[in-house]
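> Show me the folded form of this:
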Amino acid sequence: MKKILLLGGSHFQVPSVLKAVEMGYYTITCDYLPDNPGHKYAHEYHNVSTTDKEKILELAARLQVDGIVCYASDPSAPTAAYVASRLGLASNPYESVEILSNKDLFRDFLAKNGFNSPKSKGYTDVDEAAKDLFEFNFPVFVKPIDSSGSKGVSMLNSQDDFAKCVEYALSFSRAQRFIVEECIPNNGYQVGGDGFSVNGKLVFRCFNNQHFDAKSINPFIPIGITYPCMKPAYIQEKIHNEIQRLFDLLGMRSGAYNFEVCVDKNENVHIMEIGARNGGNLVPQVTKYATGVDMVEYTLRAAMGEDCSALEMRETIGFWGNYKISSQYEGILENIFIDEEFKMNNLVELSMYYNKGDEIPSFADTSGILGILISKYDNINEMIAKIENMAKYVKIHLKREL
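Okay, the predicted model is just below:
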């Protein structure tokens, strides 16, 4: 039986564990959280941090695994590529994954290769960065170079509170490094989605519309996504071609990716993020509903060095959504109410990560996601109206705020 090592066993990674077992692989999981739900479905679990490259390399070599996967996790993507490269397993190039996983390296790579990219610079010292602030047009973002889920991200409209924003960013950076980056206004919805390359070619991608809430405690986290992508076909093809050019330069091989792309008022494409991994928050599951393509299966096959040539582009059929259930306040969860008519007409799948009586976090970052719901709609107007007014259909009741 072939062995596969999965980095992580969180709620969002459970689908990869279940699929690996279903596909007949001897499934091994690891992270430093033994109570994570994915571990109970695996054949074997090891308490090793997924960001510790050398310890994961030692574990993978000792267990003689045939493949290694980071599913829906930015921090462990370089680990998977590093270990695979050292053991001769299927993977994208480690150096390229490192570039994609570090915001300052990625922005520098884009600028040097003629891609549209916001003005940005990476720093380790707040005083050095403060001297350069006059070179940037406000508003600017201050971000950790190596975090995910909008952790540590702030937006500044002036130099006020810059030091506080840097301190916040560094509190989420393993490398103790941050980036200052100008804001690129979106023309319409920001584009997200997942894709897959086979032998370096982007053979499949499923773009979506990202929805934000300006009143949210963290307005930079999408509260939901919808399908199909509302950008015209020629814009989507333009995005596709820019991603392919990037893959060519990086020498990418076979695997899954998560995209975030901004299109400005002049229809210039700005690649904001590309993660060398599947999207989190059940994005691959919505993608399967919308297109019939099982991204989880192809991700595992690619990591095991198996043939993925059957994968081809498929268009979205129907209207689909994905919504993050969250609270603007910390507290004790009393109940989550979902409108009965919405349940009957729109709800497809519901995954909850907290129970009544649990102490819940606020939606300050993606660790504050209480659950995910997948929904379907009859038409585009219903889809947009409901996803942007989901507070009418999903209500969080707290026993008390903390």
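
> Residue 117: what secondary structure?
Secondary structure, DSSP: H, G, I helix; E, B strand; the rest coil: residue 117 is coil.

> Let me see the contact set for the nearest residue to it once chain neighbours are set aside.
In space, and not counting its chain neighbours, residue 117 is closest to residue 110: 4.0 Å by C-beta to C-beta, 6 or more residues apart in numbering. (Each C-beta comes from the backbone N, C-alpha and C, glycine too.) Counting by C-beta atoms under 8 Å, 6 or more residues apart in numbering, residue 110 makes contact with 116-117, 246, 271.

> Where is pLDDT lowest across those residues?
Minimum pLDDT across the contacts of residue 110 is recorded for residue 117, with 90.

> show me the contacts for it.
Residues near residue 117 by C-beta under 8 Å, 6+ apart: 107, 110-111, 270-271.

> next one: residue 222
Taking C-beta under 8 Å, 6+ apart, we find residue 222 in contact with 190, 192, 210-212, 324.

> In strands, which of those fall?
Among the contacts of residue 222, the members found in strands (DSSP state E) are 190, 192, 210-211, 324.

> okay, the residues you listed in TSV with distance to residue 278, neighbour count and pLDDT next?
Putting the ones in strands among the contacts of residue 222 into TSV (distance: C-beta to C-beta, whole Å; neighbours: other C-beta atoms under 10 Å; pLDDT from 0 to 100) gives the following:
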residue	distance to residue 278	neighbour count	pLDDT
190	19	20	97
192	12	24	98
210	16	20	98
211	20	21	97
324	17	22	97
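
> from these, which is closest to residue 276?
Nearest to residue 276 out of those is residue 192 (C-beta to C-beta; 15.6 Å).

> May I have the beta-bridge partners of the closest residue to that closest one other than its chain neighbours?
Spatially, and ignoring its direct neighbours in sequence, residue 192 is nearest to residue 210 (4.6 Å; C-beta to C-beta, 6+ apart). Beta bridges link residue 210 to residue 190, residue 225 when assigned by DSSP bridges.

> if I read this right, residue 210 contacts residue 258, doesn't it?
No. Look at residue 210 against residue 258 with C-beta atoms under 8 Å: they stay out of range, at 11.7 Å.

> can you list residues touching both of the two?
Each of residue 192 lies in contact with both residue 210 and residue 258 under the rule C-beta under 8 Å, 6+ apart.

> Pull up the pairing partners for the least confident helix or strand in the chain by mean pLDDT, direction included.
Within the chain, confidence by mean pLDDT, DSSP states H and E is lowest for strand 394-401 among all helices and strands, at a mean of 88. Take DSSP bridges as the rule and strand 394-401 pairs in its sheet with strand 331-338 (antiparallel).

> mind exporting the helix or strand following the partner strand as CSV, just the C-alpha atoms?
Later in the chain than strand 331-338, the nearest helix or strand by DSSP states H and E is helix 340-345. What follows is helix 340-345, C-alpha atoms only, in CSV (Å, rounded to 0.1, in the frame of the first residue of the first chain):
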residue,chain,number,x,y,z
GLU,A,340,-35.9,27.7,7.2
GLU,A,341,-36.7,28.9,3.6
PHE,A,342,-32.9,29.3,2.9
LYS,A,343,-32.3,25.8,4.3
MET,A,344,-35.0,24.4,2.0
ASN,A,345,-34.2,26.3,-1.2
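
> Enumerate the positions of stretch 156-164 that are buried.
Using 16 or more other C-beta atoms under 10 Å as the test for burial, stretch 156-164 gives 156, 162.

> Quick check: end-to-end length of that stretch?
11 Å (C-alpha to C-alpha, to the nearest Å).

> Distance from the chain centre to that stretch, please.
Centroid separation between stretch 156-164 and its chain, computed with C-alpha atoms, centre = their mean, to the nearest Å, is 27 Å.

> In contact with the residue nearest to residue 192, which residues are there?
Residues near residue 210 by C-beta under 8 Å, 6+ apart: 189-192, 222, 224-225, 260.

> at 6 Å instead, please
By C-beta atoms under 6 Å, 6 or more residues apart in numbering, residue 210 lies in contact with 189-190, 192, 222, 225.

> Please, where are all the strands along the stretch 51-200 of the chain?
Assigned by DSSP state E, counting those that start in this stretch, the stretch 51-200 of the chain shows strands spanning 67-69, 120-123, 140-144, 154-156, 178-182, 190-198.

> Deepest in the core, which of those is it.
Stretch with highest mean neighbour count among those: strand 67-69 (a mean of 28; mean count of other C-beta atoms under 10 Å).

> Summarise which helices and strands that one is packed against.
strand 3-7, helix 77-87 (3 or more C-beta pairs under 6 Å, 6 or more residues apart in numbering; DSSP states H and E).

> Quick check: which of those is nearest to residue 93?
When the helices and strands packed on strand 67-69 are compared by C-beta to C-beta, helix 77-87 sits nearest residue 93, at 7.0 Å.

> tell me the mean pLDDT for the closest one?
What helix 77-87 shows for mean pLDDT is 98.

> any idea how this protein splits into domains?
Domain assignment for the chain by automatic domain parsing gives 3-89, 119-182, 190-401.

> okay, how far is it across the second one, tip to tip?
Yep, that's domain 119-182 we're talking about. 6 Å.

> The residue lying closest to residue 275 once chain neighbours are set aside is in what secondary structure piece?
Nearest non-adjacent residue to residue 275, counting by C-beta to C-beta, 6+ apart: residue 258, 4.2 Å away. Secondary structure assignment for residue 258, by DSSP H and E: strand 255-263.

> So in that sheet, which strands flank that strand, and in what orientation?
Sheet pairing of strand 255-263 (DSSP bridges) gives strand 190-198 (antiparallel), strand 269-275 (antiparallel).

> got the contact list for it?
92, 184, 186-187, 190-196, 239, 269-275, 278-279, 295, 299, 302.

> the inter-axis angle of that strand versus helix 77-87?
For strand 255-263 against helix 77-87, the angle by axes from the mean of the first three to the mean of the last three C-alpha atoms, to 10 degrees is 140 degrees.

> So what's the gap between strand 255-263 and the chain middle?
For strand 255-263, the separation from the chain centroid amounts to 9 Å (computed by C-alpha atoms, centre = their mean).

> just stretch 286-304 next, same as before
That offset, for stretch 286-304, works out to 15 Å (C-alpha atoms, centre = their mean).

> got a list of what residue 71 touches?
Residues in contact with residue 71, defined by C-beta under 6 Å, 6+ apart, are 13, 16, 278.
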